[in-house]
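Participant: my questions are about this predicted structure, shown below with the sequence.
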Amino acid sequence: MGKVNNNVPLEYSTEENSLKIFGFWTFLGAEIMLFGTLFASYFTLVDRTGNGPTAAEIFEITPVLAETFILLTSSFTIGLAIHAMRLGSKKATLTFMGITLLLGAAFLGVEIYEFVHYAHVGAGITVSAFTSILLTTLGTHGLHVTFGLFWGIFLMIQIAKRGLTSVTAGKAFVFSLYWHFLDVVWIFIFSFIYLKGMM
Amino acid sequence: MAKFFPIGQIMGFVFSLILTVIAMLVYFTDMSFTTGMIILLVTAFIQAGLQFMVFMHAGETEDKWAIYSNIIYGIGLIVLTILGTLLILIWDM
């Protein structure tokens, strides 16, 4: 660990932390490309439904709205976790992280319900170009949320054990960036896959 | 307790809820495809900007211009990729 700067929040207090946080922003830049190419493919294939159902036939507004508000709220609570971390409260940080992960799990629960629904109405991944790209795009986002859940659980264990140090604070901040980014991706899925498809 | 709920983040959250409700209008009201798409584009990009600035603290540190240019570069590339794809494969120009 390098020099400790006490004038900035704990997660930025060392040179190494600042570089890691910037490195993570660079990773998010690559994630924009990943999801963006999925969107480009989705827009190309959305009307190639073959003998399968169309977007308007299989989308249901209720689970989509539930997912949207759950993820939006979890993005708020992970923001509060970082705020609590900057106030130096380990308990509040862990509480808000816990709420965030519970909301993340709820989101996944609704998404799994949704995927089962798609399978039931004959929109499995092999049915048409449309269902393939739809489930690939949603699935890529869902996998990211799943990965984030486990990441968050292990991070909470580490913070509980070691407290808020420059190392754990840096990790928590990077995790919060990841979680907010998943919400940003979801906003685009909500707008340009679901709402556009049901308009 | 109040210190754990900063006004800036609460405002950010309320604003993101309002933007979501506005976006929902394209489903719950009857409007043309073009109007709907314009509303969705505007609300989605404002929401994304809100997340970056309020919740991800993008503008807080000395390396903020490195962060901005990284994200703007990513968004620029992907807008070109998506528009190029639509141009050739969908709009058939």
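Facilitator: That came in fine, so what should we check first? Since the structure is predicted, the reported quantities are computational estimates derived from the model, not experimental observations.
Participant: C-alpha only now, for contacts and for neighbours.
Facilitator: Fine.
Participant: which other helices and strands contact the longest helix seen in chain A?
Facilitator: Secondary structure of chain A per DSSP state H: the longest helix is helix A:129-162. If you count contacts as 3 or more Cα pairs under 8 Å, 6 or more residues apart in numbering or on different chains; DSSP states H and E, helix A:129-162 packs onto helix A:15-45, helix A:90-120, helix A:166-189.
Participant: and among those, the most buried is which?
Facilitator: Mean neighbour count (mean count of other Cα atoms under 10 Å in any protein chain shown) peaks for helix A:166-189 among the helices and strands packed on helix A:129-162, with a mean of 22.
Participant: my guess is A:Trp179 contacts A:Ser75, does it?
Facilitator: Yes - counting by Cα atoms under 8 Å, A:Trp179 touches A:Ser75, with 6.6 Å between them.
Participant: before we move on, back to that, can you lay out the helices and strands packed on helix A:129-162 as JSON lines showing distance to chain B?
Facilitator: Formatted as JSON lines, the helices and strands packed on helix A:129-162 follow (distance: least, Cα to the nearest Cα, whole Å):
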{"stretch": "helix A:15-45", "distance to chain B": "5"}
{"stretch": "helix A:90-120", "distance to chain B": "8"}
{"stretch": "helix A:166-189", "distance to chain B": "5"}
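Participant: how about these, which one is nearest A:Pro63?
Facilitator: helix A:90-120 (6.4 Å; Cα to Cα).
Participant: report the angle between the closest one and helix A:166-189.
Facilitator: Using axes from the mean of the first three to the mean of the last three Cα atoms, to 10 degrees, the direction of helix A:90-120 lies 30 degrees away from that of helix A:166-189.
Participant: what lies in contact with stretch B:24-43?
Facilitator: A:Ser191, A:Phe192, A:Leu195, A:Lys196, A:Met198, A:Met199, B:Leu19, B:Thr20, B:Ile22, B:Ala23 (Cα atoms under 8 Å, 6 or more residues apart in numbering or on different chains).
Participant: between those, which is closest to A:Leu101?
Facilitator: Top of the list for closeness to A:Leu101, among these and by Cα to Cα, is B:Thr20 at 21.7 Å.
Participant: nearest residue to the closest one other than its sequence neighbours?
Facilitator: B:Thr43 (7.5 Å; Cα to Cα, 6 or more residues apart in numbering or on different chains).
Participant: just the element for the one you found, please.
Facilitator: Element membership for B:Thr43, per DSSP states H and E: helix B:33-50.
Participant: any idea which helix or strand comes after that helix?
Facilitator: Beyond helix B:33-50 toward the C-terminal end (DSSP H and E), the next one is helix B:64-85.
Participant: how many residues are close by A:Tyr12?
Facilitator: Residues lying near A:Tyr12 (other Cα atoms under 10 Å in any protein chain shown) number 23.
Participant: that one and B:Met11, how far apart?
Facilitator: Distance of A:Tyr12 to B:Met11, given as Cα to Cα, to the nearest Å: 25 Å.
Participant: one more: A:Tyr42?
Facilitator: 33 Å.
Participant: same question, B:His57
Facilitator: 15 Å.
Participant: centre-most residue in chain A?
Facilitator: Among the residues of chain A, A:Leu182 comes closest to the average C-alpha position under Cα atoms, centre = their mean, at 2.7 Å.
Participant: which ones are touching it?
Facilitator: Per Cα under 8 Å, 6+ apart, neighbours of A:Leu182: A:His141, A:His144, A:Val145.
Participant: okay, now the first one: neighbour count?
Facilitator: Pointing back at A:His141 there. Each residue near A:His141 was counted by other Cα under 10 Å, and the total is 18.
Participant: check the last one too.
Facilitator: Other residues within reach of A:Val145 by the criterion other Cα under 10 Å amount to 22.
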